[in-house]
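Peer 1: Pasted the sequence and its predicted model underneath.
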2 protein chains.
Amino acid sequence: MEEEQIIELFRKKGHKVTTQRLAISEFILSRNDHPSADQIYDELRKDHPTISLATIYKTLNLLKEIGLVQELGFAETAARYDPNTNIHINMVCTECEEIKDYYPKDIETLWSELIQKLDEKIVGQRIDLYYICEKCKGNKS
Amino acid sequence: MEEEQIIELFRKKGHKVTTQRLAISEFILSRNDHPSADQIYDELRKDHPTISLATIYKTLNLLKEIGLVQELGFAETAARYDPNTNIHINMVCTECEEIKDYYPKDIETLWSELIQKLDEKIVGQRIDLYYICEKCKGNKS
DNA sequence: GTAACTGCAAACGCTTTGCACTCCC
DNA sequence: GGGAGTGCAAAGCGTTTGCAGTTAC
């Protein structure tokens, strides 16, 4: 998604466009590892030294509201923000908490088969797979 | 799972069997709506007036450790505890947060098809479907 | 008997809120 | 110019921890 489209989206939904909002949106949309608010904060502070965590959270909630990201709550760790609205599997390393997306072939087809018998309007979904990533497997041996 | 088996499991893993642990385990295993720590607390206090939330949490963490429950973290609400270790879909109402399990036909088959191409050892999974339940749909109209 | 468990209260970490200041439009 | 947004510090909430008293074995 281009900067232009993000600006457009904010305006269309009646929200002001600020440097902070743009920076947060572009950062999150540019990554596929679903960062936490804290990771966003640490990263953005390099270019925006005065940005605050409160603004990060407020903006993330706004992005949720306008449908740009999904918030993934976890038991062991802080929430992660996922900009990917297509059906996919979150591969979550249980050691380092790193997440990467996985798109099995035909997942849309399989998924719609799975839920077709449900006579319900689905407003969202979340699929997680827990494993130990290469890096962490290495560290253990 | 019978009381006998629960007791057995605690002992086998080297943990003492207490009234509180049994009550919490039996309560959670008897329900399929994945209660929160608070719901367990409220419910158990009727029969066990002196039980504490801290004990609930400590026991839930123990049950996680010995593999009896899975903790489901959420963004908008407290964690829920799921005693169901079979592959299933958590149907989560986004209005009242109620959860019920859903077992589509052939889900095991479909699921293994989905992950078969992954050359990874999977240590767990979680599948959520978000919708608005009948009760909440009624309340809105 | 003694190590593990309970219950209390205090601490913790993540997230939200209230408010004065600032900036977008 | 005015209302929305930012940043700070304080509050909030779910969960964990430390510890003295209690219980399982």
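Peer 2: Now that the structure is in, tell me what you want to look at. Residues are numbered from 1 along each chain as shown, chains lettered A, B, ... in the order given.

Peer 1: Could you report the distance from the residue nearest the centre of chain A to residue B:91?
Peer 2: The structure's chain A has its C-alpha centroid closest to residue A:82; by C-alpha atoms, centre = their mean the separation is 1.2 Å. For residue A:82, the distance to residue B:91 under the criterion C-beta to C-beta, to the nearest Å works out to 20 Å. All C-beta atoms are positioned from the backbone trio N, CA, C, and that covers glycine.

Peer 1: and residue A:71, that one's in a helix?
Peer 2: No - assignment of residue A:71 by DSSP: H, G, I helix; E, B strand; the rest coil gives strand, placing it outside any helix.

Peer 1: Run a quick neighbour tally on it.
Peer 2: Counted with other C-beta atoms under 10 Å in any protein chain shown, the burial measure for residue A:71 works out to 17 neighbours.

Peer 1: Next up, the contacts around it.
Peer 2: For residue A:71, the contact set (C-beta atoms under 8 Å, 6 or more residues apart in numbering or on different chains) comprises A:60, A:64, A:79-82, B:75-76.

Peer 1: I'd like to know which of these are part of strands.
Peer 2: When the contacts of residue A:71 are checked against strands (DSSP state E), the matches are A:80-82.

Peer 1: Could you export those as CSV, including pLDDT?
Peer 2: As requested, these are exported to CSV (pLDDT from 0 to 100):
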residue, pLDDT
A:80, 98
A:81, 98
A:82, 97
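
Peer 1: buried stuff in stretch A:53-67?
Peer 2: Buried positions in stretch A:53-67, judged by neighbour count with 16 or more other C-beta atoms under 10 Å in any protein chain shown: A:55-56, A:59-60, A:62-63.

Peer 1: Hmm, residue A:51 is touching residue A:41, no?
Peer 2: Yes - under the criterion of C-beta atoms under 8 Å, residue A:51 lies in contact with residue A:41, with a separation of 7.1 Å.

Peer 1: on that earlier part again, the buried residues of stretch A:53-67: which ones sit near DNA strand D?
Peer 2: A:55, A:59 (C-beta under 7 Å from any atom of the strand).

Peer 1: Quick check: closest non-adjacent residue to residue A:88.
Peer 2: Nearest non-adjacent residue to residue A:88, counting by C-beta to C-beta, 6 or more residues apart in numbering or on different chains: residue A:101, 4.8 Å away.

Peer 1: mind checking the SS state of that neighbour?
Peer 2: Using three-state DSSP, the three-state assignment for residue A:101 comes out as strand.

Peer 1: now residue A:129
Peer 2: strand.

Peer 1: Run a quick check on it versus residue A:93, I expect a contact.
Peer 2: No - Residue A:129 sits out of contact with residue A:93 when judged by C-beta under 8 Å, with a separation of 10.2 Å.

Peer 1: With just CA atoms, put the helix-or-strand element of chain A with minimal mean pLDDT into PDB.
Peer 2: Lowest on mean pLDDT, DSSP states H and E among the helices and strands of chain A sits helix A:134-140, with a mean of 83. Written as PDB, here are the backbone C-alpha positions of helix A:134-140 (Å, rounded to 0.1, in the frame of the first residue of the first chain):
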ATOM      1  CA  GLU A 134      15.800 -22.500  13.100                       C
ATOM      2  CA  LYS A 135      17.600 -19.900  15.100                       C
ATOM      3  CA  CYS A 136      16.200 -21.100  18.400                       C
ATOM      4  CA  LYS A 137      16.800 -24.800  17.500                       C
ATOM      5  CA  GLY A 138      20.400 -23.900  16.900                       C
ATOM      6  CA  ASN A 139      20.700 -22.100  20.200                       C
ATOM      7  CA  LYS A 140      19.500 -25.100  22.100                       C
END
